[in-house]
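Enquirer: Predicted model and sequence below, questions to follow.
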Amino acid sequence: MKPTQWSYPGGGINQIPGECTISGDVRLTPFYNVKDVLTKLQEYVDNINLNIHKLETRGPVSKYVLPDDDLRGSLTLTFDEANSGVACDLNSRGYHVLCKATKEVVGHRINYPLIMKAYSITGSLPLIRELQDEGFDVQTAGYGLMATYHAQNEYCLFTDMS
């Protein structure tokens, strides 16, 4: 889980806000079922809410439950979208055909049967996963420089694109 945005309704500099929203994302490897993870995360939130009075605090005046004021802290979990990850089948016919064709074009820089090195990155490619779920042998390949991928000065070599 990666919290990336925090927002709260403001107030005085010496006032702790009564609510806060933390937004972010969860990136999964393709070997987890998204629905199972969402269910598990909701179980964690439900457990925290049930036991909010047991959470550690920073002293006797820092509390998540204020019975005299009829206040009780709580967490709410919401999701805008959820996508499954993608894993290419390194034993499929399509993978081996792609490796062989790449070796024929690129030459000695490729170590067949692995295209350079097999690697994993997280991100969302929902169309690819949907095609895989329908039974298609879908592969992804990149011929640029991984060291400059998404860098501020991202570039590739013409020879890698031949």
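Expert: Arrived safely, thanks for sending.
Enquirer: Any stretches of this structure with poor pLDDT?
Expert: 106-124, 162 (pLDDT under 70).
Enquirer: Helix or strand next in line after the longest helix anywhere in it, which one?
Expert: For the chain, the longest helix by residue count, based on DSSP state H, is helix 34-50. Downstream of helix 34-50, the next assigned helix or strand under DSSP states H and E is strand 65-66.
Enquirer: Enumerate every residue touching residue 161.
Expert: Counting by C-beta atoms under 8 Å, 6 or more residues apart in numbering, residue 161 touches 143-144. To be clear about C-beta, it is placed using only N, CA and C from the backbone, and glycine gets the same treatment.
Enquirer: about what we covered before: list the buried ones in the longest helix of the chain?
Expert: Residues of helix 34-50 classed as buried: 34, 48 (neighbour count, 16 or more other C-beta atoms under 10 Å).
Enquirer: And the contacts of that helix?
Expert: 26, 28, 55, 74-77, 79, 82-84.
Enquirer: so how far is the first residue of stretch 152-159 from its last?
Expert: One end of stretch 152-159 to the other measures 21 Å (C-alpha to C-alpha, to the nearest Å).
Enquirer: For the longest helix of the chain, C-alpha coordinates in PDB please.
Expert: Taking C-alpha atoms only, helix 34-50 is exported to PDB below (Å, rounded to 0.1, in the frame of the first residue of the first chain):
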ATOM      1  CA  VAL A  34      -7.700  -8.700  -6.600                       C
ATOM      2  CA  LYS A  35     -11.000  -9.600  -5.000                       C
ATOM      3  CA  ASP A  36      -9.300 -11.700  -2.300                       C
ATOM      4  CA  VAL A  37      -7.000  -8.800  -1.500                       C
ATOM      5  CA  LEU A  38      -9.800  -6.300  -1.300                       C
ATOM      6  CA  THR A  39     -11.700  -8.700   1.000                       C
ATOM      7  CA  LYS A  40      -8.600  -9.100   3.200                       C
ATOM      8  CA  LEU A  41      -8.000  -5.400   3.400                       C
ATOM      9  CA  GLN A  42     -11.700  -4.900   4.400                       C
ATOM     10  CA  GLU A  43     -11.200  -7.500   7.200                       C
ATOM     11  CA  TYR A  44      -8.200  -5.500   8.500                       C
ATOM     12  CA  VAL A  45     -10.200  -2.300   8.500                       C
ATOM     13  CA  ASP A  46     -13.100  -4.000  10.200                       C
ATOM     14  CA  ASN A  47     -10.800  -5.400  12.900                       C
ATOM     15  CA  ILE A  48      -9.200  -2.000  13.500                       C
ATOM     16  CA  ASN A  49     -12.600  -0.400  13.900                       C
ATOM     17  CA  LEU A  50     -13.800  -3.100  16.200                       C
END
